[in-house]
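Enquirer: Can you look at this prediction? I've put the sequence above it.
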Amino acid sequence: MMATTIAGTMHAVGVTPKKPNSARQVELPKPSASAGLALMRVLEVGIDGTDTEINEGLYGEAPPGSNVLVIGHEALSLVEAVGDGVAGFQPGDLVVATVRRPDSCPNCQAGESDMCLSGNYTERGIKGAHGYMGQYYGEKPDFLVKIPPTMRDYAVLLEPLSIVEKATYQAWKIQERMLWQPKRAVVLGAGPIGILGTMLLRLKELEVHVYAKNPPESIQAQVITSTGADYHSVDDHPVTGLRDELGQIDFILEGTGNSVVAFQAMSQAGTNGVVCLTGVSAGNRSIQIPSDVINLQMVLGNRVVFGTVNANRRYFESGVRHFDEAERRWPGIWKRLITRRVPFAGFADALNRKPEDIKTLLIVSA
Ligand SMILES: [Zn+2]
(Lines give C-alpha, C1' and ligand atoms only; values in the text may rest on other atoms or scores of the structure.)
Protein backbone atom coordinates (compact mmCIF):
# COMPACT_ATOMS: atom_id res chain seq x y z
CA MET A 1 0.00 0.00 0.00
CA MET A 2 1.15 3.55 -0.70
CA ALA A 3 2.45 5.54 2.22
CA THR A 4 -0.11 8.07 3.32
CA THR A 5 0.89 11.49 4.55
CA ILE A 6 -1.57 13.69 6.36
CA ALA A 7 -0.49 17.28 6.37
CA GLY A 8 -0.99 19.74 9.19
CA THR A 9 -1.09 19.55 12.92
CA MET A 10 -3.01 17.76 15.63
CA HIS A 11 -4.15 18.42 19.18
CA ALA A 12 -2.60 16.59 22.09
CA VAL A 13 -2.27 16.91 25.86
CA GLY A 14 1.31 17.64 26.84
CA VAL A 15 3.22 18.47 29.99
CA THR A 16 6.53 20.12 30.74
CA PRO A 17 8.17 17.23 32.61
CA LYS A 18 8.90 17.83 36.32
CA LYS A 19 6.83 21.05 36.27
CA PRO A 20 3.70 20.65 38.44
CA ASN A 21 0.29 21.12 36.81
CA SER A 22 1.68 21.86 33.37
CA ALA A 23 -0.83 19.72 31.42
CA ARG A 24 -2.15 21.75 28.51
CA GLN A 25 -3.38 21.40 24.96
CA VAL A 26 -0.49 21.44 22.52
CA GLU A 27 -0.36 21.44 18.73
CA LEU A 28 2.08 19.02 17.18
CA PRO A 29 2.79 17.91 13.62
CA LYS A 30 0.51 15.07 12.61
CA PRO A 31 2.52 11.89 12.26
CA SER A 32 2.31 10.03 8.98
CA ALA A 33 2.19 6.41 7.89
CA SER A 34 5.73 6.38 6.59
CA ALA A 35 7.48 3.16 5.63
CA GLY A 36 7.23 0.53 8.36
CA LEU A 37 4.73 2.50 10.43
CA ALA A 38 0.99 2.43 10.91
CA LEU A 39 -0.88 5.66 11.62
CA MET A 40 -3.48 5.42 14.37
CA ARG A 41 -6.41 7.70 15.11
CA VAL A 42 -6.96 7.66 18.87
CA LEU A 43 -10.49 6.93 20.06
CA GLU A 44 -10.09 7.09 23.84
CA VAL A 45 -7.36 7.14 26.45
CA GLY A 46 -7.51 5.66 29.96
CA ILE A 47 -6.15 7.84 32.76
CA ASP A 48 -4.12 6.30 35.54
CA GLY A 49 -2.05 7.36 38.51
CA THR A 50 1.06 7.65 36.36
CA ASP A 51 -0.56 10.38 34.25
CA THR A 52 -1.63 12.27 37.34
CA GLU A 53 1.81 11.93 38.94
CA ILE A 54 3.56 13.10 35.77
CA ASN A 55 1.27 16.13 35.78
CA GLU A 56 2.17 16.68 39.43
CA GLY A 57 5.79 16.94 38.27
CA LEU A 58 7.00 13.82 40.09
CA TYR A 59 8.59 12.24 37.01
CA GLY A 60 8.29 12.06 33.23
CA GLU A 61 10.81 12.70 30.48
CA ALA A 62 10.25 14.41 27.13
CA PRO A 63 11.49 12.87 23.87
CA PRO A 64 15.00 13.97 22.84
CA GLY A 65 14.91 17.49 21.45
CA SER A 66 11.49 18.33 22.89
CA ASN A 67 10.52 20.15 26.06
CA VAL A 68 6.98 18.76 25.91
CA LEU A 69 5.87 15.22 26.70
CA VAL A 70 2.53 14.04 25.34
CA ILE A 71 1.14 11.92 28.16
CA GLY A 72 -1.22 8.91 28.05
CA HIS A 73 -0.21 5.27 27.71
CA GLU A 74 -3.58 3.46 27.68
CA ALA A 75 -5.24 4.02 24.32
CA LEU A 76 -7.74 2.34 22.08
CA SER A 77 -7.19 3.45 18.49
CA LEU A 78 -8.24 2.79 14.92
CA VAL A 79 -5.67 2.15 12.24
CA GLU A 80 -6.06 5.07 9.84
CA ALA A 81 -3.37 4.17 7.32
CA VAL A 82 -0.44 1.83 6.95
CA GLY A 83 2.95 2.60 5.45
CA ASP A 84 4.95 0.50 3.02
CA GLY A 85 6.04 -2.81 4.49
CA VAL A 86 3.38 -2.98 7.20
CA ALA A 87 1.76 -6.41 7.17
CA GLY A 88 -1.10 -7.74 9.27
CA PHE A 89 -2.91 -4.45 9.81
CA GLN A 90 -5.27 -2.47 7.67
CA PRO A 91 -7.28 0.74 7.97
CA GLY A 92 -10.23 0.26 10.28
CA ASP A 93 -8.54 -2.27 12.58
CA LEU A 94 -8.93 -1.61 16.31
CA VAL A 95 -5.61 -1.67 18.15
CA VAL A 96 -4.00 -1.10 21.54
CA ALA A 97 -0.28 -0.32 21.57
CA THR A 98 2.14 -1.55 24.21
CA VAL A 99 4.01 1.08 26.25
CA ARG A 100 7.68 0.22 26.57
CA ARG A 101 10.15 0.33 23.67
CA PRO A 102 13.30 -1.78 23.79
CA ASP A 103 16.93 -0.79 24.09
CA SER A 104 19.88 -2.97 23.09
CA CYS A 105 20.06 -5.19 26.21
CA PRO A 106 19.58 -8.97 25.81
CA ASN A 107 16.15 -9.02 27.45
CA CYS A 108 14.83 -6.18 25.32
CA GLN A 109 16.23 -7.82 22.20
CA ALA A 110 14.44 -11.04 23.16
CA GLY A 111 11.05 -9.29 23.27
CA GLU A 112 11.06 -8.84 27.04
CA SER A 113 11.58 -5.11 27.40
CA ASP A 114 9.53 -5.34 30.60
CA MET A 115 12.56 -7.21 32.00
CA CYS A 116 15.07 -4.65 30.69
CA LEU A 117 18.53 -4.94 32.26
CA SER A 118 20.06 -1.61 31.33
CA GLY A 119 17.15 0.80 31.90
CA ASN A 120 17.67 2.64 28.63
CA TYR A 121 14.23 1.71 27.32
CA THR A 122 11.69 4.40 26.52
CA GLU A 123 8.03 4.36 27.51
CA ARG A 124 5.39 6.11 25.45
CA GLY A 125 3.75 8.85 27.46
CA ILE A 126 6.16 8.42 30.38
CA LYS A 127 9.85 8.28 29.55
CA GLY A 128 11.48 9.74 26.46
CA ALA A 129 8.67 9.16 23.96
CA HIS A 130 5.33 10.84 23.30
CA GLY A 131 2.22 9.04 24.50
CA TYR A 132 -1.22 8.55 23.06
CA MET A 133 -3.23 11.47 24.49
CA GLY A 134 -3.51 13.16 21.12
CA GLN A 135 -5.45 12.72 17.92
CA TYR A 136 -2.89 10.52 16.15
CA TYR A 137 0.24 8.50 16.68
CA GLY A 138 2.46 6.38 14.49
CA GLU A 139 3.84 3.00 15.54
CA LYS A 140 5.54 -0.13 14.28
CA PRO A 141 3.29 -3.17 13.96
CA ASP A 142 5.49 -5.08 16.43
CA PHE A 143 4.04 -2.95 19.22
CA LEU A 144 0.38 -3.07 18.14
CA VAL A 145 -2.13 -5.61 19.42
CA LYS A 146 -5.22 -6.15 17.29
CA ILE A 147 -8.56 -6.01 19.09
CA PRO A 148 -11.69 -7.89 17.94
CA PRO A 149 -14.51 -5.40 17.16
CA THR A 150 -16.74 -7.07 19.78
CA MET A 151 -14.39 -5.67 22.45
CA ARG A 152 -14.70 -2.04 21.29
CA ASP A 153 -16.49 -0.88 24.44
CA TYR A 154 -13.84 -1.92 26.93
CA ALA A 155 -10.59 -2.78 25.12
CA VAL A 156 -9.07 0.48 26.39
CA LEU A 157 -8.61 -1.47 29.64
CA LEU A 158 -6.03 -3.76 28.02
CA GLU A 159 -2.93 -1.91 29.23
CA PRO A 160 -3.84 -1.97 32.94
CA LEU A 161 -5.02 -5.55 32.48
CA SER A 162 -1.64 -6.45 30.99
CA ILE A 163 0.02 -5.46 34.28
CA VAL A 164 -1.91 -8.06 36.27
CA GLU A 165 -1.63 -10.56 33.44
CA LYS A 166 2.12 -10.35 33.96
CA ALA A 167 1.82 -10.46 37.76
CA THR A 168 -0.24 -13.64 37.74
CA TYR A 169 1.68 -15.31 34.91
CA GLN A 170 4.97 -14.68 36.71
CA ALA A 171 3.63 -15.95 40.03
CA TRP A 172 2.34 -19.16 38.49
CA LYS A 173 5.58 -19.54 36.51
CA ILE A 174 7.64 -19.17 39.68
CA GLN A 175 5.49 -21.75 41.42
CA GLU A 176 6.28 -24.34 38.79
CA ARG A 177 9.21 -24.96 41.17
CA MET A 178 6.93 -27.43 43.00
CA LEU A 179 3.55 -29.05 43.11
CA TRP A 180 1.37 -26.01 43.84
CA GLN A 181 -2.41 -26.16 44.16
CA PRO A 182 -3.39 -22.66 45.29
CA LYS A 183 -6.84 -22.23 46.80
CA ARG A 184 -6.87 -18.87 48.56
CA ALA A 185 -5.62 -15.43 47.47
CA VAL A 186 -5.54 -12.04 49.12
CA VAL A 187 -5.62 -8.82 47.11
CA LEU A 188 -4.57 -5.60 48.82
CA GLY A 189 -6.09 -2.46 47.30
CA ALA A 190 -9.14 -1.92 45.10
CA GLY A 191 -7.73 0.34 42.41
CA PRO A 192 -7.65 -0.94 38.82
CA ILE A 193 -4.78 -3.33 39.68
CA GLY A 194 -6.66 -4.82 42.63
CA ILE A 195 -9.93 -5.16 40.74
CA LEU A 196 -8.39 -6.59 37.57
CA GLY A 197 -6.21 -8.91 39.62
CA THR A 198 -9.27 -10.12 41.50
CA MET A 199 -10.99 -10.91 38.20
CA LEU A 200 -8.05 -12.96 36.92
CA LEU A 201 -7.76 -14.85 40.22
CA ARG A 202 -11.48 -15.61 40.21
CA LEU A 203 -11.15 -16.89 36.63
CA LYS A 204 -8.56 -19.28 38.10
CA GLU A 205 -11.25 -20.36 40.61
CA LEU A 206 -9.35 -19.16 43.68
CA GLU A 207 -11.11 -17.99 46.83
CA VAL A 208 -10.24 -14.28 46.79
CA HIS A 209 -10.32 -11.81 49.69
CA VAL A 210 -9.86 -8.15 48.85
CA TYR A 211 -8.86 -5.64 51.53
CA ALA A 212 -9.15 -1.94 50.67
CA LYS A 213 -10.31 1.38 52.05
CA ASN A 214 -13.27 1.88 49.73
CA PRO A 215 -16.64 1.72 51.53
CA PRO A 216 -18.67 -1.50 51.20
CA GLU A 217 -21.29 0.27 49.05
CA SER A 218 -18.65 1.68 46.64
CA ILE A 219 -18.65 0.69 42.98
CA GLN A 220 -15.25 -0.92 43.57
CA ALA A 221 -16.69 -3.19 46.26
CA GLN A 222 -19.75 -3.99 44.14
CA VAL A 223 -17.68 -5.03 41.14
CA ILE A 224 -15.38 -7.14 43.32
CA THR A 225 -18.21 -9.00 45.05
CA SER A 226 -19.97 -9.57 41.72
CA THR A 227 -17.03 -11.82 40.77
CA GLY A 228 -17.60 -13.96 43.86
CA ALA A 229 -14.69 -12.46 45.80
CA ASP A 230 -15.07 -11.31 49.41
CA TYR A 231 -14.62 -7.60 49.94
CA HIS A 232 -13.36 -6.29 53.28
CA SER A 233 -13.67 -2.54 53.74
CA VAL A 234 -10.88 -1.61 56.09
CA ASP A 235 -9.22 1.48 57.39
CA ASP A 236 -5.92 0.98 59.15
CA HIS A 237 -6.76 -2.70 59.36
CA PRO A 238 -3.53 -4.45 60.32
CA VAL A 239 -2.47 -6.62 57.43
CA THR A 240 -0.59 -8.63 60.03
CA GLY A 241 -3.81 -10.32 61.14
CA LEU A 242 -4.81 -11.80 57.81
CA ARG A 243 -3.36 -15.23 58.28
CA ASP A 244 -5.10 -15.66 61.63
CA GLU A 245 -8.38 -14.59 60.04
CA LEU A 246 -8.22 -16.63 56.87
CA GLY A 247 -5.82 -19.52 57.33
CA GLN A 248 -3.37 -20.59 54.63
CA ILE A 249 -2.88 -17.84 52.02
CA ASP A 250 -1.33 -19.13 48.80
CA PHE A 251 -0.98 -15.88 46.87
CA ILE A 252 -0.95 -12.21 47.87
CA LEU A 253 -1.25 -9.46 45.27
CA GLU A 254 -0.10 -6.16 46.75
CA GLY A 255 -1.69 -3.30 44.83
CA THR A 256 -1.67 -0.39 47.26
CA GLY A 257 1.90 0.78 46.70
CA ASN A 258 2.16 1.36 50.43
CA SER A 259 5.56 -0.03 51.49
CA VAL A 260 4.36 -0.70 55.04
CA VAL A 261 1.55 -2.85 53.69
CA ALA A 262 4.00 -4.58 51.34
CA PHE A 263 6.31 -5.61 54.19
CA GLN A 264 3.40 -6.65 56.38
CA ALA A 265 2.11 -8.79 53.50
CA MET A 266 5.38 -10.72 53.42
CA SER A 267 4.67 -12.07 56.89
CA GLN A 268 1.20 -13.24 55.89
CA ALA A 269 1.86 -15.59 52.98
CA GLY A 270 1.25 -19.21 53.87
CA THR A 271 3.53 -22.20 53.42
CA ASN A 272 4.91 -22.32 49.86
CA GLY A 273 3.11 -19.02 49.28
CA VAL A 274 4.06 -16.19 46.96
CA VAL A 275 3.72 -12.44 47.38
CA CYS A 276 3.63 -10.19 44.31
CA LEU A 277 4.37 -6.49 44.72
CA THR A 278 3.01 -4.19 42.00
CA GLY A 279 2.82 -0.78 43.65
CA VAL A 280 5.49 1.91 43.60
CA SER A 281 6.22 3.92 46.73
CA ALA A 282 8.03 7.12 45.78
CA GLY A 283 8.82 8.31 49.30
CA ASN A 284 11.72 7.74 51.67
CA ARG A 285 9.85 6.13 54.53
CA SER A 286 11.61 3.80 56.97
CA ILE A 287 9.78 1.45 59.30
CA GLN A 288 10.69 -1.12 61.88
CA ILE A 289 9.93 -4.63 60.69
CA PRO A 290 9.99 -7.96 62.58
CA SER A 291 12.94 -9.11 60.52
CA ASP A 292 13.60 -12.30 62.54
CA VAL A 293 10.01 -13.43 62.10
CA ILE A 294 9.88 -12.60 58.40
CA ASN A 295 13.22 -14.29 57.72
CA LEU A 296 12.20 -17.39 59.68
CA GLN A 297 8.87 -17.65 57.87
CA MET A 298 10.38 -17.07 54.45
CA VAL A 299 12.87 -19.88 54.98
CA LEU A 300 10.72 -22.41 56.80
CA GLY A 301 7.75 -21.83 54.48
CA ASN A 302 9.62 -21.81 51.14
CA ARG A 303 8.03 -18.42 50.51
CA VAL A 304 8.71 -16.10 47.56
CA VAL A 305 8.34 -12.34 47.28
CA PHE A 306 8.74 -10.73 43.87
CA GLY A 307 8.13 -7.39 42.20
CA THR A 308 6.76 -6.81 38.73
CA VAL A 309 6.55 -3.80 36.42
CA ASN A 310 5.26 -3.07 32.93
CA ALA A 311 4.20 -5.82 30.50
CA ASN A 312 5.40 -7.10 27.19
CA ARG A 313 3.26 -8.13 24.24
CA ARG A 314 2.62 -11.65 25.61
CA TYR A 315 0.57 -10.17 28.45
CA PHE A 316 -1.49 -7.93 26.18
CA GLU A 317 -2.35 -11.00 24.13
CA SER A 318 -3.39 -13.04 27.17
CA GLY A 319 -5.44 -10.02 28.26
CA VAL A 320 -7.46 -10.17 25.05
CA ARG A 321 -8.27 -13.81 25.81
CA HIS A 322 -9.34 -12.93 29.33
CA PHE A 323 -11.54 -10.07 28.05
CA ASP A 324 -13.61 -12.71 26.36
CA GLU A 325 -13.58 -15.20 29.21
CA ALA A 326 -14.60 -12.65 31.86
CA GLU A 327 -17.27 -11.07 29.68
CA ARG A 328 -18.90 -14.46 29.20
CA ARG A 329 -18.74 -15.23 32.91
CA TRP A 330 -19.82 -11.79 34.18
CA PRO A 331 -21.63 -10.07 31.27
CA GLY A 332 -21.07 -6.32 31.24
CA ILE A 333 -18.35 -6.33 33.91
CA TRP A 334 -15.70 -4.62 31.79
CA LYS A 335 -17.93 -1.68 30.97
CA ARG A 336 -18.72 -1.26 34.67
CA LEU A 337 -15.05 -0.53 35.28
CA ILE A 338 -15.27 2.57 33.09
CA THR A 339 -16.78 4.99 35.58
CA ARG A 340 -16.21 8.36 33.88
CA ARG A 341 -15.96 9.59 30.28
CA VAL A 342 -14.58 13.06 29.76
CA PRO A 343 -14.52 14.96 26.44
CA PHE A 344 -11.08 16.01 25.17
CA ALA A 345 -11.45 19.62 26.31
CA GLY A 346 -11.96 18.39 29.87
CA PHE A 347 -8.54 16.74 30.17
CA ALA A 348 -7.66 18.69 33.32
CA ASP A 349 -10.76 17.33 35.03
CA ALA A 350 -9.98 13.81 33.81
CA LEU A 351 -6.49 13.98 35.33
CA ASN A 352 -8.00 14.93 38.68
CA ARG A 353 -8.70 11.52 40.18
CA LYS A 354 -11.73 11.06 42.41
CA PRO A 355 -12.44 8.34 44.99
CA GLU A 356 -15.40 7.02 43.01
CA ASP A 357 -13.32 6.56 39.85
CA ILE A 358 -12.23 3.14 38.72
CA LYS A 359 -11.21 4.06 35.18
CA THR A 360 -11.68 7.49 33.64
CA LEU A 361 -11.54 7.80 29.86
CA LEU A 362 -10.60 10.85 27.88
CA ILE A 363 -12.66 10.68 24.69
CA VAL A 364 -10.47 11.87 21.84
CA SER A 365 -12.59 11.01 18.82
CA ALA A 366 -15.78 9.12 18.08
ZN1 LIG B 1 16.72 -3.37 27.85
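Expert: Perfect, I can see it now.
Enquirer: use CA for all of it now, contacts and neighbours both
Expert: OK.
Enquirer: Give me every residue in the protein lying close to the ion.
Expert: By CA under 5 Å from the ion, the residues of the chain that approach the ion are Asp103, Cys105, Cys108, Cys116.
Enquirer: Tell me which residue in the stretch 251-366 of the chain sits closest to the ion.
Expert: Here the stretch 251-366 of the chain gets closest to the ion at one residue, Asn312, 11.9 Å apart by CA to the ion.
Enquirer: Counting neighbours, what do you get for the residue in the stretch 1-150 of the chain that the ion sits nearest to?
Expert: Across the stretch 1-150 of the chain, no residue is closer to the ion than Cys116, which sits at 3.5 Å (CA to the ion). Cys116 is flanked by 21 other residues according to other CA atoms under 10 Å.
Enquirer: Touching, it and Ser104? I think so.
Expert: No: counting by CA atoms under 8 Å, Cys116 stays clear of Ser104, with 9.1 Å between them.
Enquirer: which regions of this structure sit below the pLDDT cut-off?
Expert: 1-7, 236-237 (pLDDT under 70).
Enquirer: hmm, try it at 90
Expert: 1-8, 234-241, 280-290, 293, 355, 366 (pLDDT under 90).
Enquirer: all helices of it, in order?
Expert: Here the chain has its helices, by DSSP state H, at 49-55, 106-109, 158-174, 192-203, 219-226, 242-246, 259-266, 291-300, 313-329, 333-336, 347-351.
Enquirer: Wait, Ala265 touches Ile252, no?
Expert: Yes: counting by CA under 8 Å, Ala265 touches Ile252, with 7.3 Å between them.
Enquirer: Mutual contacts of these two, please.
Expert: Counting by CA atoms under 8 Å, 6 or more residues apart in numbering, the shared contacts of Ala265 and Ile252 are Val275.
Enquirer: ok so, going back, give the contact list for the residue of the stretch 1-150 of the chain closest to the ion.
Expert: Contacts of Cys116 (CA under 8 Å, 6+ apart): Pro102, Asp103, Cys105, Pro106, Asn107, Cys108.
Enquirer: so which of these would you say is closest to Gly301?
Expert: Of all the contacts of Cys116, the one with the least separation from Gly301 (CA to CA) is Asn107, at 31.1 Å.
Enquirer: Skip the chain neighbours and tell me the closest residue to that closest one.
Expert: Leaving aside its chain neighbours, Asn107 sits nearest to Cys116 (5.5 Å; criterion: CA to CA, 6 or more residues apart in numbering).
Enquirer: now do Ile294
Expert: Nearest one to Ile294, counting by CA to CA, 6+ apart, is Ser267 at 5.4 Å.
Enquirer: residue contacts, that neighbour?
Expert: So Ser267 contacts Thr240, Val293, Ile294, Gln297, Met298 (CA under 8 Å, 6+ apart).
Enquirer: Quick one: buried ones out of those?
Expert: Under a neighbour-count criterion of 16 or more other CA atoms under 10 Å, the subset of the contacts of Ser267 counted as buried comprises Ile294, Gln297, Met298.
Enquirer: can I get these in CSV with distance to Glu205?
Expert: CSV is the format used below for these (distance: CA to CA, whole Å):
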residue, distance to Glu205
Ile294, 29
Gln297, 27
Met298, 26
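Enquirer: Give me the nearest residue to Asn310, chain neighbours excluded.
Expert: Asn310 sits nearest to Asp114 (CA to CA, 6+ apart), 5.4 Å away.
Enquirer: could you list every residue that touches that neighbour?
Expert: Arg100, Cys108, Val309, Asn310, Ala311, Asn312.
Enquirer: So among those residues, which ones count as buried?
Expert: Among the contacts of Asp114, the ones that count as buried (16+ other CA under 10 Å) are Arg100, Cys108, Asn310, Ala311, Asn312.
Enquirer: circling back to that earlier point, of the contacts of Cys116, which pair is most distant in space?
Expert: Pro102 and Pro106, at 9.8 Å, using CA to CA across the contacts of Cys116.
Enquirer: Mind checking which of these two has more residues around it?
Expert: Taking neighbours as other CA under 10 Å, Pro102 and Pro106 compare with Pro102 leading, 21 against 15.
Enquirer: In contact with that one, which residues are there?
Expert: By CA under 8 Å, 6+ apart, the neighbours of Pro102 are Cys108, Gln109, Gly111, Ser113, Cys116, Asn120, Tyr121, Thr122.
Enquirer: And the contacts of stretch 269-285?
Expert: 167, 171, 175, 180, 243, 247-259, 262, 265-266, 300-309.
Enquirer: If we go by neighbour counts, what in that stretch is buried?
Expert: Ala269, Gly270, Thr271, Asn272, Gly273, Val274, Val275, Cys276, Leu277, Thr278, Gly279.
Enquirer: mind giving me a markdown table with those residues and columns for distance to Glu53?
Expert: Conversion of these to a markdown table gives the following (distance: CA to CA, whole Å):
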| residue | distance to Glu53 |
| --- | --- |
| Ala269 | 31 |
| Gly270 | 35 |
| Thr271 | 37 |
| Asn272 | 36 |
| Gly273 | 33 |
| Val274 | 29 |
| Val275 | 26 |
| Cys276 | 23 |
| Leu277 | 19 |
| Thr278 | 16 |
| Gly279 | 14 |
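Enquirer: need the contact list for the residue of the stretch 251-366 of the chain closest to the ion.
Expert: Neighbours of Asn312 in contact, by CA under 8 Å, 6+ apart: Thr98, Arg100, Gly111, Glu112, Ser113, Asp114.
Enquirer: could you redo the last one with a cut-off of 6 Å?
Expert: Glu112, Asp114 (CA atoms under 6 Å, 6 or more residues apart in numbering).
Enquirer: and what of Arg101?
Expert: Tyr121, Thr122, Glu123.
Enquirer: Many thanks, I have nothing further to ask.
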